[in-house]
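In: Below are the sequence and a predicted model; questions follow.
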Amino acid sequence: MASTRPSGSRPAQEPIPHRVANWLWTRLSRPGPLRPTAGGGLLTVLASVAVSIAAVGPLGSEIRIRWSVGTSYGPEHAPTLLVLATFPALVAIALVGFRGLSLLLERTDEFDAARGYYELAALLVLLALVLTQVATVTANLL
C-alpha cells in the first residue's frame, strides 16, 4: 500500500536524549506514591547491602580507607565489617532524610514546580554513595 503522505514531509523526531529526558521529567514531576526517593531509594539501599554482602568474603579483616601521597595523618585502614556496615547505613539515613525533607516541602506551593529537580538530586546523591562504596571495595580488591 502506498503512503498517503507526500515524500519529504516526514515530521522531525526529537533526538533520543531529549525523549529520555522528557520521559524522565514527566515521571519525576507528577504526583504519586512512587517517587525516586521511595522506589529508587529503596533499590539503592538494597544495592548497597548487596555490595557489602558480596564483598565480605573476598576482603580481609581490614581494608584500606585512605590513599595518600607523602605524610599521612590519621588512620589508613579500618575493620572490614565496620566499613561494609557503614555504607548501607549511610544510604538508608540519607534516604530517610530526603523523604522527610520532601514531606516537609510538600506543604509549600513552590515545591511542586521544583519537585522533579529535588527527586533527581536526591537519587543522584544516593547513587553517588553506592558508587563510592563500589569504588572502595574495588580498590581494595585490586
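Out: The structure has been received and is ready for your questions.

In: Show me the helices in the chain, by range?
Out: For the chain, applying DSSP state H gives helices covering 16-29, 41-56, 80-105, 110-141.

In: could those go into TSV alongside mean pLDDT and mean neighbour count?
Out: The way it works is simple: take the backbone N, C-alpha and C, and place the C-beta from them, glycine included. Listed next are the helices of the chain as TSV, based on pLDDT from 0 to 100; neighbours: other Cβ atoms under 10 Å:
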stretch	mean pLDDT	mean neighbour count
helix 16-29	69	12
helix 41-56	92	17
helix 80-105	91	16
helix 110-141	89	16
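
In: now these in a markdown table, with distance to residue 62?
Out: Shown next, in a markdown table, are the helices of the chain (distance: least, Cβ to Cβ, whole Å):
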| stretch | distance to residue 62 |
| --- | --- |
| helix 16-29 | 41 |
| helix 41-56 | 13 |
| helix 80-105 | 6 |
| helix 110-141 | 9 |
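
In: Out of those, which is closest to residue 64?
Out: helix 110-141 (5.8 Å; Cβ to Cβ).

In: list the helices and strands the closest one packs on?
Out: The helices and strands touching helix 110-141, judged by 3 or more Cβ pairs under 8 Å, 6 or more residues apart in numbering; DSSP states H and E, are helix 16-29, helix 41-56, strand 62-64, helix 80-105.

In: Show me how far that helix is from its chain's centre.
Out: Centre-to-centre, helix 110-141 and its host chain are 3 Å apart (Cα atoms, centre = their mean, to the nearest Å).

In: can you state the direction angle for that helix and helix 80-105?
Out: Per axes from the mean of the first three to the mean of the last three Cα atoms, to 10 degrees, the angle that helix 110-141 makes with helix 80-105 is 170 degrees.
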